[in-house]
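J.: just the structure for this:
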Amino acid sequence: MAPRWLFARRLAINLGLALVLIFISLAVGMAGYHYLEGSGWLDGFDQAAMILGGMGPIANPRALAASSLRAYTRCIRDYC
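T.: Sure, this is the predicted structure:
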């Protein structure tokens, strides 16, 4: 078995790589929705996050635009 410090180091490296991969995927999705679809950055974030989460795109993102920022801040407040 590997020592604890080596396990912790490997775990931290893999966690960091996974977060970087998720961030890059989210950024590419946001840019795609912003430049190709002409939607705003917040709508692009919403669409990309829903697709990355496995829920699929939102049918009418304009209907949720006003409450999206409130919903994101509420989620961050509740889970962090």
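J.: buried set for the helix or strand harbouring L6?
T.: Using DSSP states H and E, L6 sits in helix 4-32. The neighbour-count check on helix 4-32 (16 or more other C-beta atoms under 10 Å) flags 26, 29-30 as buried. In short, each C-beta sits where N, CA and C put it, glycine included.
J.: do the same with stretch 48-58
T.: Using 16+ other C-beta under 10 Å as the test for burial, stretch 48-58 gives 48-49, 51.
J.: cool, stretch 35-42 as well?
T.: In stretch 35-42, counting by 16+ other C-beta under 10 Å, buried: 39-40, 42.
J.: which neighbouring elements make contact with the helix holding L6?
T.: For helix 4-32, the packing partners by 3 or more C-beta pairs under 8 Å, 6 or more residues apart in numbering; DSSP states H and E come out as helix 41-52.
J.: that older thread, next, format the buried residues of stretch 48-58 as a markdown table and append pLDDT and distance to R10.
T.: Below are the buried residues of stretch 48-58 laid out as a markdown table (pLDDT from 0 to 100; distance: C-beta to C-beta, whole Å):
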| residue | pLDDT | distance to R10 |
| --- | --- | --- |
| A48 | 85 | 29 |
| A49 | 83 | 28 |
| I51 | 83 | 30 |
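J.: show the contacting residues for L52.
T.: 22, 25-26, 29 (C-beta atoms under 8 Å, 6 or more residues apart in numbering).
J.: mind putting these into CSV with distance to N14 and pLDDT?
T.: Below are those laid out as CSV (distance: C-beta to C-beta, whole Å; pLDDT from 0 to 100):
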residue, distance to N14, pLDDT
I22, 13, 88
S25, 16, 91
L26, 19, 88
G29, 23, 91
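J.: closest one to W5 out of the residues you listed, please.
T.: I22 (26.0 Å; C-beta to C-beta).
J.: how near is the closest one to A49?
T.: 10 Å (C-beta to C-beta, to the nearest Å).
J.: picking up where we left off before, of all the buried residues of helix 4-32, which comes closest to P3?
T.: For the buried residues of helix 4-32, the residue nearest P3 by C-beta to C-beta is L26; the value is 34.7 Å.
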